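K.L.:
can you look at this prediction? I've put the sequence above it.
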Amino acid sequence: MLAETLQDYAISTAKRNENEIAGSVHLLVAIRRWREERFDSEFPDLSLRLEALLGSLRGTANSVSGLEAPVRAKLADVSDEKQVWLLAKDLLSAIEPQMKYVAANAAASQANAPTVAQAPSGSAAEALPLLLNAGLVERISVATGWAVDEASKRVLVDACCVAAQVLGVASPDMWSQISSLSGISGAPSEVPQEISSLVAEVAESLADNSARLATQLALALVDVGEWAAAMDDVVTAEETDRIDGIRLTLRGLLNGRIDAQSDAMVEFEEKFSQLVGMELVKQDLRKRVDFLVVNKKREKRGRSVDPQRMHMAFLGNPGTGKTSVARLYAELLMNVGLLPTNKIVETDRSGLVGEYIGHTEKKTLGVVQDAEGGLLFIDEAYALNDRYHTTKGFGEEATDILVKQMEDRRESLVVILAGYKQPMLDYIGTNPGLRSRIPALIDFPDYSLDELVEIMHRVADRKGIIVSGAAEQQMRLVLGEIRTHEGFGNAREVENLLEAAQRNVTARMNALGNLATEAESHTILAEDIPGDVVPQKRNPIGFARPTPL
């Protein structure tokens, strides 16, 4: 699992740098991300040189094909931490000539370039790639019908204008830095004092996604302004006011045609739309992710922000979609750059709690390590609430370990605790550290009767089952009755009813033998819907006595 985690980190690094394949430098950066403090202790001053080399290798690829074969072979031999550090030294030897070359070029450029508004090496301004890139220029070229060279020139001129407005000075060195970081070639002969009408022209183009594309360009220009302000690691109030002025100018050019939703969020909502209901859940997650992304960017740009945690608690009855949403959330966090992978590890009390003293720590840490770089989903987490008077149970021991790991790995691991609402609130309240590490509690309401019927049709379509009109009415009557019972399983109950109905169809068709038609064998009639189903109450497990719902 350790090798897989490092591979995921390396591919994520290559993806963010728009490289087609992950190589030695990406893997070395991945090792630093995995254990940053020890890395910087083992290799003092190497992080800045790595950033410079990574910047020089920035590409324009839309996807990463994987690891280079030699690097993949080296990583395959890694099974413990000792071997990781041996691999790091090997990788460093391999890329040392490249780093020396980049450093020599940088020194030569600095000797010949003006000294106005230069960014110090390793500053916050270099820590995050620009949103402005060659891919954006190509999309603008397609939407407007302009040649790529013309689109590049116009975009770069506006970017340089924004940077000059923020800093109050124009610097040729800055233009070359913007060109290098964005991958957009060329430099303007002169920089105008005002932002051009480019954003408005893109917004008014005939392309289907013109509003979205124009908004992306506007956001990229604001990003350039924030980058310029952070070049000296200090963002002044005056610079902030200038950036706000640029925002207002760009909004005016968009003229109300603003579509600021990220591609990752659009993909998330498309997949989320396949789930029934849960609009409030989606809104809560959107707001939370938007907040995390903004704060992450502010931090990378040198702004002061409070530590942000991505952990959550999903509160609700069984079958309300908590696990499905957790999987989508993990994918969203990866796509917006908050997690290196969309890996999700699902467990419960049995996967964390050991059978004897000392076993719980080993099991819990093992599960956490397996989930490193992704999301750890703990179902029925309230079962870890097993304190008995003054005696600490194994569940509480696992909780204490989780609390520490949630803090230590908050940049590379998301923990979601899930279960019945009141038992979960009771459990979270038993540990102050746990509550402080979970900034978001998301309620998953029970499905309405109409939503349950819609789920029934979706499940039936997926299984190739035909539900007759009379069967739907009978299913509605049965669901309307049993959904009021304690322990009702929502979507799970719907699937159970359909499976029971399918068994009844099979029994009914047996009387016809091979004379039954294909349609008959796949059609559920009203008489096939069981009417005496009573939900099996799922009592919360563990030693604590939950408050009744």
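P.N.:
Yes, it's here.
K.L.:
run the chain-centre distance for stretch 143-154.
P.N.:
Here stretch 143-154 is found 32 Å from its chain centre; the criterion is C-alpha atoms, centre = their mean, to the nearest Å.
K.L.:
and that stretch, what's buried?
P.N.:
For stretch 143-154, the neighbour count (16 or more other C-beta atoms under 10 Å) marks 143-144, 146, 151-154 as buried. For glycine as for every other residue, the C-beta is placed from the backbone atoms N, C-alpha and C.
K.L.:
that stretch: end-to-end distance?
P.N.:
14 Å (C-alpha to C-alpha, to the nearest Å).
K.L.:
next secondary structure after the helix-or-strand element of the chain with minimal mean pLDDT?
P.N.:
Within the chain, confidence by mean pLDDT, DSSP states H and E is lowest for helix 263-272 among all helices and strands, at a mean of 71. Next along the chain after helix 263-272, taking DSSP states H and E as the criterion, comes helix 279-300.
K.L.:
for the residue positioned nearest the centre of the chain, give me its contacts.
P.N.:
The centroid of the chain falls nearest to residue 333 when counting by C-alpha atoms, centre = their mean (0.7 Å). Residue 333 sits next to 289, 310, 339, 342, 375, 414 when contact means C-beta atoms under 8 Å, 6 or more residues apart in numbering.
K.L.:
got a pLDDT number for residue 465?
P.N.:
For residue 465, the pLDDT comes out at 87.
K.L.:
hang on, the earlier thing: just the buried residues of stretch 143-154 now: which is nearest residue 19?
P.N.:
residue 152 (20.5 Å; C-beta to C-beta).
K.L.:
quick check: mean pLDDT of whatever helix or strand residue 158 lives in?
P.N.:
Using DSSP H and E, residue 158 sits within helix 148-167. The average pLDDT within helix 148-167 is 90.
K.L.:
next helix or strand past that helix?
P.N.:
helix 172-182.
K.L.:
and that next one, what does it pack against?
P.N.:
For helix 172-182, the contact count by 3 or more C-beta pairs under 8 Å, 6 or more residues apart in numbering; DSSP states H and E identifies helix 148-167, helix 210-229 as packing neighbours.
K.L.:
can you list the buried residues in that helix?
P.N.:
Using 16+ other C-beta under 10 Å as the test for burial, helix 172-182 gives 173-175, 177-179, 181-182.
K.L.:
over to stretch 466-484?
P.N.:
In terms of neighbour count (16+ other C-beta under 10 Å), stretch 466-484 has its buried residues at 467, 471-472, 474-476, 478-479, 482-483.
K.L.:
can you put the helices and strands packed on helix 172-182 in CSV and add distance to residue 6?
P.N.:
Putting the helices and strands packed on helix 172-182 into CSV (distance: least, C-beta to C-beta, whole Å) gives the following:
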stretch, distance to residue 6
helix 148-167, 35
helix 210-229, 29
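K.L.:
and the ones you listed, which is most packed in?
P.N.:
Ranked by mean neighbour count, the helices and strands packed on helix 172-182 are led by helix 210-229 with a mean of 23 (mean count of other C-beta atoms under 10 Å).
K.L.:
with just CA atoms, put that helix into PDB.
P.N.:
Extracted in PDB, the C-alpha atoms of helix 210-229 (Å, rounded to 0.1, in the frame of the first residue of the first chain):
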ATOM      1  CA  SER A 210     -19.000  30.900 -24.100                       C
ATOM      2  CA  ALA A 211     -20.100  32.100 -20.600                       C
ATOM      3  CA  ARG A 212     -18.200  29.400 -18.900                       C
ATOM      4  CA  LEU A 213     -15.100  29.900 -20.900                       C
ATOM      5  CA  ALA A 214     -15.200  33.700 -20.400                       C
ATOM      6  CA  THR A 215     -15.600  33.200 -16.700                       C
ATOM      7  CA  GLN A 216     -12.600  30.800 -16.600                       C
ATOM      8  CA  LEU A 217     -10.500  33.500 -18.300                       C
ATOM      9  CA  ALA A 218     -11.700  36.100 -15.900                       C
ATOM     10  CA  LEU A 219     -10.900  33.900 -12.900                       C
ATOM     11  CA  ALA A 220      -7.400  33.100 -14.400                       C
ATOM     12  CA  LEU A 221      -6.700  36.900 -14.700                       C
ATOM     13  CA  VAL A 222      -7.700  37.400 -11.000                       C
ATOM     14  CA  ASP A 223      -5.400  34.500 -10.200                       C
ATOM     15  CA  VAL A 224      -2.500  36.300 -12.000                       C
ATOM     16  CA  GLY A 225      -3.300  39.400  -9.800                       C
ATOM     17  CA  GLU A 226      -3.100  37.300  -6.600                       C
ATOM     18  CA  TRP A 227       0.100  35.700  -7.800                       C
ATOM     19  CA  ALA A 228       1.700  39.100  -8.500                       C
ATOM     20  CA  ALA A 229       0.600  40.500  -5.100                       C
END
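K.L.:
what does the host helix or strand of residue 455 rub up against?
P.N.:
Per DSSP H and E, residue 455 falls inside helix 449-463. Helix 449-463 is contacted from outside by 276-277, 447, 465-467, 472, 475-476, 479-480, 483, 490-491, 493-495, 497-498, 524, using C-beta under 8 Å, 6+ apart.
K.L.:
restricted to strands, list the residues you listed.
P.N.:
Among the contacts of helix 449-463, DSSP state E puts 466-467, 524 in strands.
K.L.:
now these in a markdown table, with distance to residue 77?
P.N.:
Shown next, in a markdown table, are the ones in strands among the contacts of helix 449-463 (distance: C-beta to C-beta, whole Å):
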| residue | distance to residue 77 |
| --- | --- |
| 466 | 55 |
| 467 | 55 |
| 524 | 55 |
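K.L.:
which one of the residues you listed is nearest residue 237?
P.N.:
Residue 237 has its nearest neighbour among the ones in strands among the contacts of helix 449-463 in residue 467, at 63.7 Å by C-beta to C-beta.
K.L.:
so the closest one sits against residue 473, correct?
P.N.:
No. Judged on C-beta atoms under 8 Å, residue 467 makes no contact with residue 473 at a distance of 10.1 Å.
K.L.:
so residue 195 versus residue 228, what's the distance?
P.N.:
14 Å (C-beta to C-beta, to the nearest Å).
K.L.:
ugh, wrong one, I meant residue 361
P.N.:
Using C-beta to C-beta, we find residue 361 at a distance of 49 Å from residue 228.
K.L.:
over to residue 438?
P.N.:
Taking C-beta to C-beta, one finds residue 438 at 37 Å from residue 228.
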